[in-house]
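1. Fold the following for me, if possible:
(one chain, ligands or ions: 1)
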Amino acid sequence: MPLIPEPKTYPIIGHIPYLSKGFGGCLIDSFDKLHAQFGSIFSLNIVGRKWIVCSDPLIMKKALIENLAIFPKGSTLEAAHSLEIGKSGLTETEGPDWINQHKLLKPFFMQKSVHSTFIQIQQVMDKSIIYLNINKELEILDFCNRVSFCFMTKMSSSYESNCLNNIKNIDPLFKLQSHVVSQFLNRVKYSKYSKYIPTISNILFEKRLSEYRKFFKKIIHNFEQNNSHSEDVILYHLINGKYGERKLTENEIIDQLYTVIGAGYESTGATLHWLLYELSKRQDLIKELRNEIAIYGHYSNWNSEIISKCELLQITLLEIFRLHPVFPVLVREVASDIEINNFMFTEKAFVFFNTGQMHTDSFWGEDAKLFRPERFLEKNNIEGYKEHFFPFGIGPRKCIGEKMAKSELAVMIMRILIEYDLELIPGQKIIPFQSLTRVSKNGIKMKFTKRSIS
Ligand code: HEM
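-> Numbering: from 1, shown residues only. Here you go, the predicted model:
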């Protein structure tokens, strides 16, 4: 049986030095560099633990579709679980719990419900357009996160965030969410045990966590008072739907809201900022996108049918998902020894399925690192691209919000393009970097000029 190739090990410290070779210590960059040396599967020894890095789509398919039970998230969830919030949310459960939650949430994410959220996206975009009118030059990652956060809180719980009211306004929930994310990243970097050290940041975090829960309780209460019949909001399904044979408890509802908002807002915000960035370098494409949607009249008429008919818009989204996947790695832990394609995956090994690498592999040709949506119109790519394209994951644990993210992004980007001309502020170095999502390390500054729309 062929062994999974392994770089030469440094005595005692194992492969740690290999991981610091990426730009600024970025793990994904290190993986990509090792890929160039060792190919589509290799193994590292990190403090006595085996890490298998795989960018072979066929192996990934066999693992995450045919053998899902042997490739759970497992102990990769420890850092998230140590936060004491979200533990019973869809992104963090497995087995029968996950099945029950998926059943509960799936109806909301079907195309019909996604269709009805168009009004909510448009309302958020009305606010975003005013925000841009006041702040004509701005850092777009922050802006896109605000836009996406406003939409996520609105459609998940009818909560109206004030993030877009004023550049200085940071919604209390937005602030709390950022604290939880930064604690999570700390625990991934250092250790879940770091929470037991009585540092000021840990003590403050406990306090914020309790504020966070209180805030969500208030949101749930307000929803029950004012909007309890609104089926277009996830909270309605969480309160009224069945979880197995029972209803969800209040804490479980909070966990669910937290994970859905967490999974949906930074991912969409980061993708929107990459879209604005790449399009600002393709003014010809912007013109064509505007012309394509113009035949359907005023933006208030847009719906999912119209959006799906806009081919150029669809391939532009595909290309941004390909070139800038915001979750370029799917992480799992092997539950028991298994052989796949003659390679042995041993129990307890961490596996990093490097989908970002698959998005630029030899299938995509020599210009794979370029933003060129037109590639999806070329015969070969249309036929085979799905075998090398996993921006929303793969198998049963694929992103539940994929359809929603696509319509959301389509409306967001087209509303901005219809109402504004965009321009990159010159002299910036744009460096992709992995935080919770893959974003630009120092943000991106852009100028927006209002268009006169006849
Ligand atoms: C461009 C936007 C998005 C991208 C690229 C994206 C990508 C992904 C990926 C790759 C996964 C799988 C992770 C894994 O297998 O480890 C995932 C899972 C998930 N996503 Fe998304 N996502 C996006 C937007 C959204 C939105 C808008 C929502 C909710 C409204 C959402 C909710 C979720 C949830 C709940 C899961 C966990 C599913 C499960 O474990 O069953 N995502 N997403």
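2. For the rest of this, base every contact and every neighbour count on C-alpha atoms.
-> Will do.
3. Kindly report the residues of the stretch 51-200 of the chain close to the ligand.
-> Within the stretch 51-200 of the chain, the positions near the ligand by C-alpha under 6 Å from any ligand atom are Leu90, Thr91.
4. Excluding residues flanking it in the chain, which one is nearest the residue of the stretch 1-150 of the chain found nearest the ligand?
-> With C-alpha to the nearest ligand atom as the measure, the residue in the stretch 1-150 of the chain that lies nearest the ligand is Thr91; the distance is 4.1 Å. The shortest distance from Thr91 to any residue that is not its chain neighbour, by C-alpha to C-alpha, 6 or more residues apart in numbering, is 6.4 Å, and that residue is Thr259.
5. In this protein, where is pLDDT below threshold?
-> Within the chain, the ranges that satisfy pLDDT under 70 run 1-2, 11, 20-25, 189-198, 380-382, 453-454.
6. what are the ranges of the strands in it?
-> Assignment of strands within the chain using DSSP state E yields the ranges 41-46, 49-54, 137-139, 330-333, 338-340, 343-345, 350-353, 420-424, 432-434, 438-440, 445-450.
7. circling back to that earlier point, what about the residue of the stretch 1-150 of the chain closest to the ligand, how many residues close to it?
-> 23 (other C-alpha atoms under 10 Å).
8. Same check on Asp367?
-> For Asp367, the neighbour count with other C-alpha under 10 Å is 11.
9. who's in contact with it?
-> If a contact means C-alpha atoms under 8 Å, 6 or more residues apart in numbering, then Asp367 has no contacts.
10. in stretch 199-215, what counts as buried?
-> The neighbour-count criterion (16 or more other C-alpha atoms under 10 Å) identifies Phe205, Arg208, Leu209, Tyr212, Arg213, Phe215 as the buried residues of stretch 199-215.
11. and what of stretch 244-252?
-> Taking 16+ other C-alpha under 10 Å as the neighbour-count basis, stretch 244-252 is seen to contain the buried residues Leu248, Glu252.
12. picking that back up, a markdown table please, covering the strands of the chain and showing mean neighbour count.
-> Supplementary listing: these in a markdown table, determined by neighbours: other C-alpha atoms under 10 Å:
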| stretch | mean neighbour count |
| --- | --- |
| strand 41-46 | 20 |
| strand 49-54 | 20 |
| strand 137-139 | 17 |
| strand 330-333 | 22 |
| strand 338-340 | 14 |
| strand 343-345 | 18 |
| strand 350-353 | 24 |
| strand 420-424 | 19 |
| strand 432-434 | 19 |
| strand 438-440 | 22 |
| strand 445-450 | 17 |
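13. Compare these and give me the one nearest Glu6.
-> Distances from Glu6 to each of the strands of the chain were compared using C-alpha to C-alpha; the shortest belongs to strand 41-46, at 5.0 Å.
14. Check which helices and strands that closest one sits against.
-> Judged by 3 or more C-alpha pairs under 8 Å, 6 or more residues apart in numbering; DSSP states H and E, the packing partners of strand 41-46 are strand 49-54.
15. coming back round to it: and the buried residues of stretch 199-215, which of them are in helices?
-> With helices taken from DSSP state H, the overlap with the buried residues of stretch 199-215 comprises Phe205, Arg208, Leu209, Tyr212, Arg213, Phe215.
16. Would you check how far apart the first one and Pro373 are?
-> Relative to Pro373, Phe205 is positioned 43 Å away (criterion: C-alpha to C-alpha, to the nearest Å).
17. Isn't Leu279 up against Ile286?
-> Yes. Assessed by C-alpha atoms under 8 Å, Leu279 is found in contact with Ile286 at 6.6 Å.
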